[in-house]
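[1] For reference, the sequence and a predicted model appear below.
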Amino acid sequence: MKLVITALLLLFSSATAISAEKLDFCYFHNDFDYYEYSMPGEVFRNFMKPYGTNYQQAFFDAASAGRIDIIKTLLAWTGVQINKATNQGKTALMYAAEHGHTATCALLIKHGAQVNARTNWGSTSLMWAAQNGHREICRLLVQHGAMINATTDSGKTALDYAKGHRSTCDFLYNAGAKFGFESYRKDLYKDSKSSNDGFCAGFIVGSLVTFFLDQILK
């Protein structure tokens, strides 16, 4: 009997060692959505080959690619800083927002990502999402406290960046967003909402107004 128990213990220990060696992590379901990942260590090692031990850069690139499995592993095992920024001030949340990965943004926010962090020139995650027409990410960020009328160093807001993306503009405008030069451009938007052509024309005229104002104020 003792021999059987010993054999079972050895078998269990061996299986545990193999699992640990392969970094075979099973991840739980998250509150924000139902995702389940089981990522063998080989997948993680292959992803990390170009980075060596530069885990922070791998974290930025995983956010850009929407690789939730890699992000979870890096957060759990490498000590990456979720709000650390690049030399230009860009965070992982900004990369995820720029490339349209809603679930990745939700995961990063859940783990403490700062929604109002700014780059060196003042852009925010909301602006990156707006610029690329990612309406649902804009909605997610606003729901978690994003400053909808924050401005860059040049005076642009998320609504300025959203030009050309009708549904994103509509969401931001209805949520209270303003143009950087609101007194000159708000009425253009209101008057042209009834047609896409008018909307685009309004933005073109508004952009010209902004350009000439920039020149005057320099």
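    Arrived safely.
[2] can you give me the end-to-end distance of stretch 154-171?
    Criterion C-alpha to C-alpha, to the nearest Å; first-to-last residue distance in stretch 154-171 is 23 Å.
[3] An error on my part: the question was meant for stretch 157-173.
    Stretch 157-173 has an end-to-end distance of 11 Å (C-alpha to C-alpha).
[4] now do stretch 129-138
    Across stretch 129-138, the terminal residues are separated by 6 Å (C-alpha to C-alpha).
[5] what comes into contact with that stretch?
    Residues outside stretch 129-138 that contact it (C-beta atoms under 8 Å, 6 or more residues apart in numbering) are 96-102, 105, 126, 141, 146, 158-159, 161-162, 164-165, 167-168, 171-172. In short, each C-beta sits where N, CA and C put it, glycine included.
[6] where does this protein dip in pLDDT?
    Filtered on pLDDT under 70, the chain yields the residue ranges 1-40, 181-218.
[7] What ranges does it have for its strands?
    Here the chain has its strands, by DSSP state E, at 25-26, 38-39.
[8] and stretch 143-153, which residues are buried?
    144, 146, 148-152 (16 or more other C-beta atoms under 10 Å).
[9] swap that for stretch 60-80, sorry
    60-75, 80.
[10] Same check on stretch 160-172?
    Neighbour counts over stretch 160-172 (16+ other C-beta under 10 Å) mark 160-163, 165, 168-169, 171-172 as buried.
[11] Distance check, residue 95 against residue 59.
    Between residue 95 and residue 59 the computed distance is 9 Å (C-beta to C-beta, to the nearest Å).
[12] what does residue 44 give?
    As judged by C-beta to C-beta, residue 44 and residue 59 stand 13 Å apart.
[13] who has more neighbours, the two?
    Comparing residue 44 with residue 59 by other C-beta atoms under 10 Å, the one with more neighbours is residue 59, at 25 against 19.
[14] Spatially nearest residue to the more buried one (excluding sequence neighbours)?
    residue 80 (4.5 Å; C-beta to C-beta, 6 or more residues apart in numbering).
[15] ok, that neighbour - contacts?
    Listed by C-beta under 8 Å, 6+ apart, the contact set of residue 80 reads 55-56, 59, 74.
[16] these two touch, right, residue 151 and residue 124?
    No: under the criterion of C-beta atoms under 8 Å, residue 151 is not in contact with residue 124, lying 9.6 Å apart.
[17] ok, back up a step: so which of the buried residues of stretch 160-172 comes closest to residue 110?
    Nearest to residue 110, judged by C-beta to C-beta, of these is residue 171 at 22.0 Å.
[18] Wait, that closest one touches residue 140, no?
    No: with contact defined as C-beta under 8 Å, residue 171 does not count as touching residue 140 (11.1 Å).
[19] what's near enough to touch residue 86?
    So residue 86 contacts residue 60 (C-beta under 8 Å, 6+ apart).
[20] Could you measure from it over to residue 94?
    To residue 94, residue 86 is 9 Å away according to C-beta to C-beta.
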